[in-house]
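Chemist: After the sequence you'll find the predicted model.
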Amino acid sequence: MIYGIPSYDLPLMAAVGFLSYLIGSIPFGLVLTALSGGGDIRKIGSGNIGATNVLRTGNKKLAAGTLALDGTKGAFAVFCAFVLCPFHTEAAEALAAACAVAGHCFPVWLKFRGGKGVATGLGAMIALSPAIGLCCCAMWLIFARATRISSAGALVAFAALPLVMIWPGHVPFSSPLYLAGVLIAALIIARHHTNITRIFRGTEPRIGQARTTGRDGT
């Protein structure tokens, strides 16, 4: 058994993971930009499908909508796990959160070329633990505002996530929630590897600054 889950429940857990991946893989940034007549967001700015790149279109409402929907799909995946798995709920929710973020980062619809997972990760963490999720949101907003670099805020928030889960979150190391938090943080930080390089070089675009080249931004 894994986390106390008997083998006969593993197919249900696999279904929850797959459903969460599909939910997370919905490319709202791409869909909203196309529906608004803004074209293919992958051909704009950094080429990323996330809210930060949508903001580079100059449409703040569209960027806010993308941010909200990307966060909502992370929370919705956790909610679906809660409904579908009345037993082993914590493990199912943790799996759903991690799979939703993976879906955003590697969507099957876009040949596994997705976003960085920040909004989806924050939404999933808020659903798992509002206190922990909102604490990470606050760190993201504070550091993004202070540096005017969205990726810097995201990196600080998710680098701190494993510590926040321990204190003040009081999530034990043995909990599937802790494992999910670590995996989500590791994936999001890994997806920001080019951003990290640019931050150290001082070439990372700041919020509101246009970017016309490259396909690896936030």
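Modeler: Good, I have the coordinates.
Chemist: And the helices in this structure?
Modeler: Listed from the start of the chain, the chain has helices (DSSP state H) covering 10-24, 28-35, 51-55, 60-84, 89-105, 118-128, 130-147, 150-166, 176-191, 193-201.
Chemist: could you give the mean pLDDT of the fourth one?
Modeler: Translated: helix 60-84. If you average the pLDDT over helix 60-84, you get 97.
Chemist: The last one too?
Modeler: The average pLDDT for helix 193-201 rounds to 95.
Chemist: among the helices of the chain, which is the most enclosed?
Modeler: helix 118-128 (a mean of 29; mean count of other CB atoms under 10 Å). Every residue, glycine included, has its C-beta placed from N, CA and C.
Chemist: list the helices and strands the helix-or-strand element of the chain with minimal mean pLDDT packs on?
Modeler: When the helices and strands of the chain are scored by mean pLDDT, DSSP states H and E, helix 51-55 comes last with a mean of 91. Under the contact criterion of 3 or more CB pairs under 8 Å, 6 or more residues apart in numbering; DSSP states H and E, helix 51-55 touches helix 28-35, helix 60-84.
Chemist: Identify whichever of those lies nearest to V16.
Modeler: The minimum distance between V16 and the helices and strands packed on helix 51-55 falls on helix 60-84, with 5.0 Å, by CB to CB.
Chemist: just how off-centre is that closest one within its chain?
Modeler: Here helix 60-84 is found 10 Å from its chain centre; the criterion is CA atoms, centre = their mean, to the nearest Å.
Chemist: Then stretch 80-97?
Modeler: 18 Å.
Chemist: now swap in stretch 175-183 and tell me
Modeler: For stretch 175-183, the distance to the chain centre is 14 Å (CA atoms, centre = their mean).
Chemist: now do stretch 30-47
Modeler: Using CA atoms, centre = their mean, the offset of stretch 30-47 from its chain centre is 19 Å.
Chemist: Endpoints of that stretch, how far apart?
Modeler: End-to-end distance for stretch 30-47, by CA to CA, to the nearest Å: 10 Å.
Chemist: Distance to R191 for the helices and strands packed on helix 51-55 - can I get that in TSV?
Modeler: Below are the helices and strands packed on helix 51-55 laid out as TSV (distance: least, CB to CB, whole Å):
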stretch	distance to R191
helix 28-35	15
helix 60-84	14
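Chemist: weakest of the helices of the chain in terms of mean pLDDT?
Modeler: Minimum mean pLDDT among the helices of the chain: helix 51-55, a mean of 91.
Chemist: Pull the residues that contact that one.
Modeler: 29, 32-33, 41, 44-47, 62-64, 66-67, 70, 119, 150-151, 207-208, 217-218 (CB atoms under 8 Å, 6 or more residues apart in numbering).
Chemist: of the helices and strands packed on helix 51-55, which approaches F112 most closely?
Modeler: helix 28-35 (14.0 Å).
Chemist: Skipping adjacent residues, who's closest to T147 in space?
Modeler: G153 (7.1 Å; CB to CB, 6 or more residues apart in numbering).
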